[in-house]
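A.B. asks: Whatever this is, show me its structure:
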Amino acid sequence: MQYMLLIYDDEQVWERLDEDERNALMSEYFAYTEQLRRSGAYVAGEALHPVGTAKSVRVRDGEQLVTDGPFAETKEALGGFYLIEVDSDEEALAWAAKIPSSRLGTIEVRRTVVFDREEATAS
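C.D. replies: Here you go, the predicted model:
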């Protein structure tokens, strides 16, 4: 089963860290990612640029609407993700708890939906 581990952080917390604290946290991330890869559970993962660089797109009545940033006002913003493949919810939750940002923000764990591509294209 595949799971998305969505990393939500308060960007202001990151900004308040000094350079040594940021470097230490990034070293933890590199070690975590390497551990995840060695386990065979790693599928993909990326960090995202700050929310201030984001755009939101909606199409209403055939018209494209583009706005700056995310739609919802929140302190925590999506900062990155890991896509993993493991055998159980418990294993996914255990990996999520090891993400360094779990101490600073929130890690959302969601199973992915697997569509039967042959069935979808046959209709």
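
A.B. asks: contacts and neighbour counts: CA atoms only from here.
C.D. replies: Fine.

A.B. asks: how about the strands in this structure?
C.D. replies: 2-10, 42-47, 55-60, 63-68, 76-85, 106-111 (DSSP state E).

A.B. asks: hey, which of the ones you listed is tucked in deepest?
C.D. replies: strand 2-10 (a mean of 21; mean count of other CA atoms under 10 Å).

A.B. asks: Starting from that one, tell me which strands it pairs with and how they run.
C.D. replies: strand 76-85 (antiparallel), strand 106-111 (antiparallel) (DSSP bridges).

A.B. asks: can you tell me which residues contact Leu78?
C.D. replies: Leu78 sits next to 6-9, 48, 51 when contact means CA atoms under 8 Å, 6 or more residues apart in numbering.

A.B. asks: make it 10 Å
C.D. replies: Residues counted as contacts of Leu78 (CA atoms under 10 Å, 6 or more residues apart in numbering) are 6-11, 47-51, 70, 106-108.

A.B. asks: Likewise for Gly105?
C.D. replies: Residues near Gly105 by CA under 10 Å, 6+ apart: 7-11, 13, 75-77.

A.B. asks: now, the most widely separated pair of those?
C.D. replies: Greatest spacing in the contacts of Gly105, by CA to CA: Ile7 and Val13 (13.9 Å).

A.B. asks: Identify the contacts common to those two.
C.D. replies: Taking CA under 10 Å, 6+ apart as the contact criterion, the common neighbours of Ile7 and Val13 are 76, 105.

A.B. asks: Does Arg103 touch Ala97 like I think?
C.D. replies: Yes: checked against CA atoms under 10 Å, the pair Arg103 and Ala97 is within contact range at 8.5 Å.
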